[in-house]
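Visitor: Need a 3D model of the following:
(one chain, ligands or ions: 1)
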Amino acid sequence: MLTVRNLSKVFPPDIGVLSQISFQVDPGEFIAVIGSSGSGKTTLLRCISHQEKWTTGQLIYQSKDITKPNLWERFKLGRDFAYLEEKPVLNRNKSAVKNVLSGKIYKAPLRILAGLTSRDEHVDSMDYLEKVGLLDKGERKVGELSGGERQRVAIAKALILGPKVLVADEPVSGLDPKSTEYILQDLKSLCKDRNMSVIATLHNVELAERFATRIWGVSEGRIVLDIPARPLSLKEKMLVFGTI
Ligand SMILES: Nc1ncnc2c1ncn2[C@@H]1O[C@H](COP(=O)(O)OP(=O)(O)OP(=O)(O)O)[C@@H](O)[C@H]1O
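Guide: Predicted structure coming up:
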């Protein structure tokens, strides 16, 4: 579904962060990206989700080369790829349901911006909150929710457009074990039930081994390990982290 060839990223003036990265992602995969701090994981995710311009590389999506997307392709990429940043921006003074609905900006931009939302859309938004186990908190202001609950609101917001690929940077950072399990289980089910692909950085290797279907190990701006998820050997951990 998604093929990337020789992706490199150099920040000005001459900071090479990613080098010659190539991979293919199939529908329904849950890819956990692991690696030391500063190895390039966030930059890789930002490039995959088009938050960051590529220095070089070729992008093939649904059998079409869209390395240089035209306006329509850009729109499609914005709709099909959802990016969940480490600290998602939510409006703390608005309800969870309104925050989720604001994710629909690509579908009905003028109406959402004007705050005109139909009853159907409200129900739709509640459906997504239900998917992440927050149906009972839909009308609560986001500022009154816990960190884990806010993260789940952000996931529901990312899902409302029906993305084909969800790119998530540290979706469980700073969360307690129960919320962590809940969110990762959620993402795993979305891959399985909706054939969505998830690419997520995880600091905890054990979580990557347990929840993902595939693991990428990033070191010094390269994918040095690409395997079906399973417990990593000491040698593999050394390859990714240098020392452990
Ligand atoms: N906009 C930028 N300009 C210059 N250098 C950058 C920029 N963004 C990232 N870098 C550099 O790229 C390298 C990789 O950063 P990145 O955030 O991708 O690493 P990471 O693996 O996600 O780290 P962490 O696990 O600590 O979040 C770092 O050395 C960082 O300083």
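
Visitor: Report pLDDT for the nearest residue to D186 once chain neighbours are set aside.
Guide: When the adjacent residues along the chain are set aside, D186 lies closest to V132, with 5.7 Å between them (CB to CB, 6 or more residues apart in numbering). Yep, even glycine has a C-beta here, placed from its N, CA and C like the rest. You'll see V132 listed with a pLDDT of 84.

Visitor: Same check on G115?
Guide: 57.

Visitor: can you check G40 too?
Guide: So, for G40, pLDDT stands at 97.

Visitor: How about the contacts made by the residue nearest to it when sequence neighbours are not counted?
Guide: Of all residues not flanking G40 in the chain, G221 sits nearest, at 4.2 Å (CB to CB, 6+ apart). Residues in contact with G221 (CB atoms under 8 Å, 6 or more residues apart in numbering) are 9, 16-19, 21, 39-40, 43.

Visitor: Can you name the residues of this protein that neighbour the ligand?
Guide: 11, 15, 17, 35, 37-43 (CB under 6 Å from any ligand atom).

Visitor: Write the PyMOL selection for whichever of the residues you listed are buried.
Guide: To isolate the buried ones among the residues of the chain next to the ligand in PyMOL, judged by 16 or more other CB atoms under 10 Å, type:
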select buried, resi 17+35+39+40+41+42+43
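
Visitor: could I get the residues of the chain next to the ligand as CSV with secondary structure and distance to L145?
Guide: Converted to CSV, the residues of the chain next to the ligand look like this (DSSP: H, G, I helix; E, B strand; the rest coil; distance: CB to CB, whole Å):
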residue, secondary structure, distance to L145
F11, strand, 35
I15, strand, 37
V17, strand, 34
G35, strand, 30
S37, coil, 28
G38, coil, 31
S39, coil, 32
G40, coil, 32
K41, helix, 27
T42, helix, 25
T43, helix, 30
